[in-house]
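[1] Predicted model, plus sequence, below.
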Amino acid sequence: MSDGNRTYIWEDRDWPDLRYDAERLAGPLVEVAQSQGHLLGRLADTDEAVRDQAGLAALTSDVVKTSEIEGELLDVGSVRSSIARHLGVDIGALVPADRNVDGVVQMVLDATVHHDTPMTADRLFGWHAGLFPTGHSGISRVRVGGWRTDETGPMEVVSGGYGRQRVHFEAPPATRLDTEMARFLDWFNRDATEPPIVKAGLAHLWFVTVHPFDDGNGRIARALGDLWLARADHSSLRFYSLSAQIQRDRNAYYTILERTQKGTLDVTDWLLWFLAALQRAITHADGTVDAVLAKARFWRRWVQTPMNARQIAMLNRLLDGFHGNLTTRKWAIITKSSQDSALRDINELVELGVLQRSNSGGRSTSYELIQP
């Protein structure tokens, strides 16, 4: 029986007895499983280096986008270097470490690589500390190593400027957090009685509803979901990014989340949205795998051709998706070389048949890869 006078699902007397209609989820679950199988099948016959590159691309997107959802923009190169460093993947020159980047990377990797390790409060505190290495979120002090205390008032999710703020959600009071989180962790660590993908969606919703930290709850909720997705795949290798898909569907994500948190304990609609987002993430990953396989074919073709470090680095930039036109000036800036060296590098690759002059307009001559 539910309470008649309440606003949020956590106020229901039956909370956290989250329910769903298994029949309505059956079709989407089959579709997701088929898409996962197709994606994994495309990579099954590739060598380890190619799979490493596909996983690196997915994890980089996951880390960048899970922070972008919260309004924090991370440098893609720093993220990619940090992941490569932690996984031992060779990507050539590494960008210097950034402790803000490393914290998010370590959380995402801990969730996926160590997905079979039980979740504890201390492990969550470690993740949280990694997200806020200075103890601040922007200029605001956040409590690290413990649940929020609500010293400055209830934990609310708001939007709008000062005087026009709208409260989308208010979390359970801090006095309930020890009980709430003990109950959540007990459920989280139990073997799934529901499909593991469904448990990933429930874990995401449950954690972000309890909202146990001053900040970073969304990122940690997505990492907890990733942990159960890794268990569902029986693998620490990640070839798709749900966080990147949520960022692409950000407005819809917040809309369904708010509606669910103000609805009933039947969260079928949330799970249908979660599964549809997961399906779109896997479909999008097919494009990423296309690019990784194309890159592998490219280097198999040119592996015996002598090239200098600048040429190799710039070709990898082009293969990874270079934005804009490649000109001699851009080559010189990116490789920190002279215009003469840049032109010489480019002309050598043109003569080899690796690059060609682009037909795109513009005042400067630009170049592009010759497609096989």
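    Okay, I see it.
[2] Which other helices and strands does the helix or strand containing residue 130 contact?
    Counting by DSSP states H and E, the element that carries residue 130 is helix 121-131. Packed against helix 121-131 by the contact rule (3 or more C-beta pairs under 8 Å, 6 or more residues apart in numbering; DSSP states H and E) you find helix 99-113, helix 217-233. All C-beta atoms are positioned from the backbone trio N, CA, C, and that covers glycine.
[3] Would you mind checking the average pLDDT for it?
    Here helix 121-131 scores 95 as its mean pLDDT.
[4] Measure how it sits relative to helix 99-113, angle-wise.
    140 degrees (axes from the mean of the first three to the mean of the last three C-alpha atoms, to 10 degrees).
[5] okay, which residue is most central for the protein?
    Geometric centre of the chain, nearest residue: residue 62, 1.8 Å, by C-alpha atoms, centre = their mean.
[6] ok so, going back, list the buried residues of the helix holding residue 130.
    For helix 121-131, a neighbour-count test (16 or more other C-beta atoms under 10 Å) marks 121, 123-124, 126-128, 130-131 as buried.
[7] Reformat the residues you listed into JSON lines and put distance to residue 340 next to each item.
    Listed next are those as JSON lines, based on distance: C-beta to C-beta, whole Å:
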{"residue": "121", "distance to residue 340": "60"}
{"residue": "123", "distance to residue 340": "54"}
{"residue": "124", "distance to residue 340": "55"}
{"residue": "126", "distance to residue 340": "51"}
{"residue": "127", "distance to residue 340": "49"}
{"residue": "128", "distance to residue 340": "51"}
{"residue": "130", "distance to residue 340": "45"}
{"residue": "131", "distance to residue 340": "45"}
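[8] hang on, the earlier thing: out of the helices and strands packed on helix 121-131, name the one with the poorest average pLDDT.
    It's helix 99-113: among the helices and strands packed on helix 121-131, that one has the lowest mean pLDDT, namely a mean of 86.
[9] tell me the domain ranges of the protein?
    According to automatic domain parsing, the chain comprises the domains 9-294, 305-369.
[10] Just name the most buried of these.
    Among the domains of the chain, domain 9-294 has the highest mean neighbour count (mean count of other C-beta atoms under 10 Å), at a mean of 17.
[11] Now the terminal residues of it, how far apart.
    With C-alpha to C-alpha, to the nearest Å applied, domain 9-294 spans 48 Å between its terminal residues.
[12] Repeat that for stretch 260-277.
    Chord length of stretch 260-277, first to last residue, is 16 Å (C-alpha to C-alpha).
[13] same question, stretch 137-156
    From its first residue to its last, stretch 137-156 covers 16 Å (C-alpha to C-alpha).
[14] before we move on, the earlier item: okay if I get the helices and strands packed on helix 121-131 as a markdown table plus distance to residue 14?
    Converted to a markdown table, those look like this (distance: least, C-beta to C-beta, whole Å):
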| stretch | distance to residue 14 |
| --- | --- |
| helix 99-113 | 29 |
| helix 217-233 | 22 |
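[15] so which of those gets nearest residue 268?
    Comparison of the helices and strands packed on helix 121-131 against residue 268 by C-beta to C-beta identifies helix 217-233 as nearest, at 17.2 Å.
[16] Please go through the chain and pick out the longest helix.
    helix 268-302 (DSSP state H).
[17] Could you quantify the relative orientation of it and helix 217-233 as an angle?
    Interaxial angle, helix 268-302 versus helix 217-233 (the same axes, to 10 degrees): 70 degrees.
[18] Can you name the element that comes right after helix 268-302?
    Defined by DSSP H and E, the subsequent element after helix 268-302 is helix 309-319.
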